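Peer 1: The sequence and its predicted three-dimensional model are supplied below.
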Amino acid sequence: MELNQYDCIIITGAFGFLGKNFIKKFQDVITKPIYLLKPRTPKNELDFEQYPNLSESEICELVSQKDCALLHFATDYGYSHDDARTVETNLLLPLKILQFMKSSSLFVNTDTVLPKWLNSYSLSKKQFNEWIRIYSNRIKYLNLSIEHFFGPSDDKTKFVPNLLNMMIERTDEILLTPGNQKRDFLYINDVLSAFDLIFSQLDSIFSNERNDIIISYGHPISIREFVELAADVLNYDKSRLKFGYYPYRENEIMDLHLDISFLNELGWKPKIDRKKSIYLYAKSKSI
């Protein structure tokens, strides 16, 4: 893994869904010291006591002294409707750290494929993507835009885990939009395999000036198709699916038209199809 060419690895959002899975997957192949951004509140699920938990100011000091690879996984999806908190996590925190980083360091940002003006989450993410480009003449960066991904231990408030949990719990009714908007659902293991490939080819990627990479399944389907597939896999009564109960959200994106050709050129393909991904999620719930 070419991340090992840096003096240390720093991870924000290490206690979130993506961060936890990344560390569990790659901690044995990362040979350099790993530092984690201290979470706002204590986390009980996975403490990572073997890695130093640093404050924002301590991380800023560290990146000013060492050649670091900083992986910005911390994300606020805006579910709390606290725009200041969303902006703090998605824009101000990474910008603060970025200002202190040495020119020989690497900043890896996780972005959204959603358009800028859809909501506060996508706006703050795209604003940081614009800011990081200002620093592109003096620092290496990757901007990894990831479509809807999910898996065991995911945030229960996100669409896919919430949907699957309701089916698993045999909720009387599941209230939905008409569901014609297309999305490209991806299982967490395939996200990690894409990371593995990308982080093993950093020098080649930078030599080709490919700073922006989309990570997605590569075959979008409608929300309705995904929901009905999940109902089939989980033996949930489709008559309980109330499509059209809710209207589409304002400015809803019906089709994202994602291009993952560069990732395919690197040699990546998803290995877990939608049906299996739903089954694996359910299996993790002891179904």
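Peer 2: Ah, there it is. Source: prediction; values computed, not measured.
Peer 1: Please pull out the lowest mean pLDDT helix or strand from the protein.
Peer 2: When the helices and strands of the chain are scored by mean pLDDT, DSSP states H and E, helix 202-207 comes last with a mean of 90.
Peer 1: Report the buried residues of it.
Peer 2: Within helix 202-207, the residues scored as buried using 16 or more other Cβ atoms under 10 Å are 202, 205. From N, CA and C alone the C-beta is placed, and that goes for glycine too.
Peer 1: got it, and stretch 180-187?
Peer 2: Neighbour-count burial for stretch 180-187, counted by 16+ other Cβ under 10 Å, picks out 181-187.
Peer 1: Determine which two of the residues you listed are furthest apart.
Peer 2: Distances among these were taken as Cβ to Cβ; the most separated pair is 181 and 187, at 20.1 Å.
Peer 1: Reformat the buried residues of stretch 180-187 as TSV; add distance to residue 107, secondary structure and pLDDT.
Peer 2: Formatted as TSV, the buried residues of stretch 180-187 follow (distance: Cβ to Cβ, whole Å; DSSP: H, G, I helix; E, B strand; the rest coil; pLDDT from 0 to 100):
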residue	distance to residue 107	secondary structure	pLDDT
181	32	coil	96
182	31	strand	95
183	28	strand	95
184	25	coil	94
185	28	coil	94
186	23	strand	95
187	26	strand	97
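Peer 1: so what's the residue of the chain most remote from its centre up against?
Peer 2: Centroid-distance maximum for the chain: residue 239 at 32.6 Å, with Cα atoms, centre = their mean. Under the criterion of Cβ atoms under 8 Å, 6 or more residues apart in numbering, the contact list for residue 239 is empty.
Peer 1: next one: residue 188
Peer 2: Here residue 188 is in contact with 17-18, 21, 149-152, 154 (Cβ under 8 Å, 6+ apart).
Peer 1: could I get the helix or strand where residue 280 lies in PDB with only the CA atoms?
Peer 2: Assigned by DSSP states H and E, residue 280 falls within helix 274-284. Only the C-alpha atoms of helix 274-284 are listed here, as PDB (Å, rounded to 0.1, in the frame of the first residue of the first chain):
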ATOM      1  CA  ARG A 274     -27.300  -6.200  -4.900                       C
ATOM      2  CA  LYS A 275     -29.100  -9.400  -3.900                       C
ATOM      3  CA  LYS A 276     -26.100 -10.700  -2.000                       C
ATOM      4  CA  SER A 277     -25.500  -7.400  -0.300                       C
ATOM      5  CA  ILE A 278     -29.000  -7.300   1.100                       C
ATOM      6  CA  TYR A 279     -28.600 -10.900   2.200                       C
ATOM      7  CA  LEU A 280     -25.300 -10.200   4.000                       C
ATOM      8  CA  TYR A 281     -26.800  -7.200   5.800                       C
ATOM      9  CA  ALA A 282     -29.700  -9.300   7.000                       C
ATOM     10  CA  LYS A 283     -27.300 -12.100   8.000                       C
ATOM     11  CA  SER A 284     -25.400  -9.700  10.200                       C
END
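Peer 1: which helices and strands sit right next to it?
Peer 2: helix 159-168, strand 186-187, helix 223-233 (3 or more Cβ pairs under 8 Å, 6 or more residues apart in numbering; DSSP states H and E).
Peer 1: Take the contacts of residue 188 and keep only those in strands.
Peer 2: Taking DSSP state E, the ones among the contacts of residue 188 that sit in strands are 149-150.
Peer 1: who wins for most neighbours among the contacts of residue 188?
Peer 2: Using other Cβ atoms under 10 Å as the neighbour criterion, residue 149 leads these with 25 neighbours.
Peer 1: is it true that it touches residue 189?
Peer 2: No: counting by Cβ atoms under 8 Å, residue 149 stays clear of residue 189, with 9.6 Å between them.
Peer 1: where does this protein dip in pLDDT?
Peer 2: Scanning the chain for pLDDT under 70 picks out the ranges 42-47, 286-287.
Peer 1: hey, where'd the helices end up in it?
Peer 2: Taking DSSP state H to define them, one finds helices in the chain at 17-26, 56-65, 83-87, 93-98, 120-134, 159-168, 188-199, 202-207, 223-233, 261-266, 274-284.
Peer 1: Give me the residues contacting the fifth one.
Peer 2: The reference is to helix 120-134. 75-78, 83, 86-87, 89-91, 94-95, 98, 107, 109, 111-112, 114-117, 141, 143.
Peer 1: now those: which count as buried?
Peer 2: Buried members of the contacts of helix 120-134, counted by 16+ other Cβ under 10 Å: 75-78, 86-87, 89-91, 94, 98, 107, 109, 111-112, 114, 141, 143.
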